[in-house]
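Enquirer: Any chance you could fold what I've pasted below:
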Amino acid sequence: MLKRIVIPFVLLILFIGCEESTLNIKVRYDQIHGLKENDRVIFEKNHIGSVTSISYTSGGYYTVGLAIKEDFSNAATENSQFFITRDFRNTERKAIEIVQSPKGGVPLEEGIIVGGSHGQSTFFSEIGKDLEKGLDDLKKHFETFFKELKKIPESDEVKKLEKELEHLAEEMKRSGESVRKKIEKDVLPKLRQEIEKLRKRLHELGREDEIERLDHQMEKIREI
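Expert: Next up, the predicted model:
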């Protein structure tokens, strides 16, 4: 009788021990843009975890539970931002992308609740308002963005610009034809100039392959 009890108990312990350890945290959002349970958590194009739960609170915001693989727990730090974006492997689904800026930082603790980042930057979320007020304000925002871009480490420049191109593409898809034409006329030429400057710098550093990601994003924008 004892043998019958002990063997299943030992097997249960072994099974639990084989399960992959995870860091479990929660992220708070005002909107979740169609995010669902089991959507992926991504860090630098790596699948590092998944959405385990979504709940709407009495305070009027969403709490999203994330399980991050133990091997990637250092991706979730005090410097991490949690963006809701399209899953690059399945554009019909959403994903949470973790971006560290700056790199590193103190790892987040198990069970902590952190604020999520907007799906698009403040710069691009205000494009619609700026177009209503006039292109002068839009250009000022654009100039500010590129000034800020030059302040971050060179290793993060491409990732930051790639993210901004993704947000611009989303904004153009949501906008009407007149807005798209204004962006094409007054924003894209400046973008191309800055990308060419960055291309020359990357060439000098022997990092030409990184510019391909930006070229790919620009091609997607041209197809809109």
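Enquirer: show me where pLDDT drops low in the chain?
Expert: For the chain, residues meeting the criterion pLDDT under 70 lie at 1-20, 118-143, 145-156, 171, 174-176, 178-179.
Enquirer: What segments of it are helices?
Expert: Remark: helices assigned in the chain by DSSP state H are 2-18, 122-125, 127-133, 135-149, 154-174, 177-186, 188-204, 211-222.
Enquirer: Against Val41, how distant is Gln193?
Expert: For Gln193, the distance to Val41 (C-beta to C-beta, to the nearest Å) stands at 35 Å. C-betas here are computed from N, CA, C, even on glycine.
Enquirer: more neighbours, these two?
Expert: The residue with more neighbours, out of Gln193 and Val41, is Val41; 25 against 11, by other C-beta atoms under 10 Å.
Enquirer: wait, that one sits on Val64?
Expert: No: with contact defined as C-beta atoms under 8 Å, Val41 does not reach Val64; the gap is 9.9 Å.
Enquirer: Overlap of the contact sets of those two?
Expert: Common neighbours of Val41 and Val64, using C-beta atoms under 8 Å, 6 or more residues apart in numbering, are 51, 96.
Enquirer: Test my guess that Gln100 contacts Asn79.
Expert: Yes: if you go by C-beta under 8 Å, Gln100 and Asn79 touch, sitting 5.0 Å apart.
Enquirer: gap between the two ends of stretch 202-213?
Expert: 13 Å (C-alpha to C-alpha, to the nearest Å).
Enquirer: so how far is that stretch off the chain centroid?
Expert: When C-alpha coordinates are averaged (C-alpha atoms, centre = their mean, to the nearest Å), stretch 202-213 and its chain have centres 22 Å apart.
Enquirer: Next: stretch 34-54.
Expert: For stretch 34-54, the distance to the chain centre is 11 Å (C-alpha atoms, centre = their mean).
Enquirer: repeat for stretch 47-63
Expert: The answer for stretch 47-63 is 16 Å, by C-alpha atoms, centre = their mean.
Enquirer: Can you get me the start-to-end distance on it?
Expert: 21 Å.
Enquirer: follow-up on the earlier one: same drill for Gln100 and Asn79, tell me which one is more crowded.
Expert: Gln100 (19 against 13).
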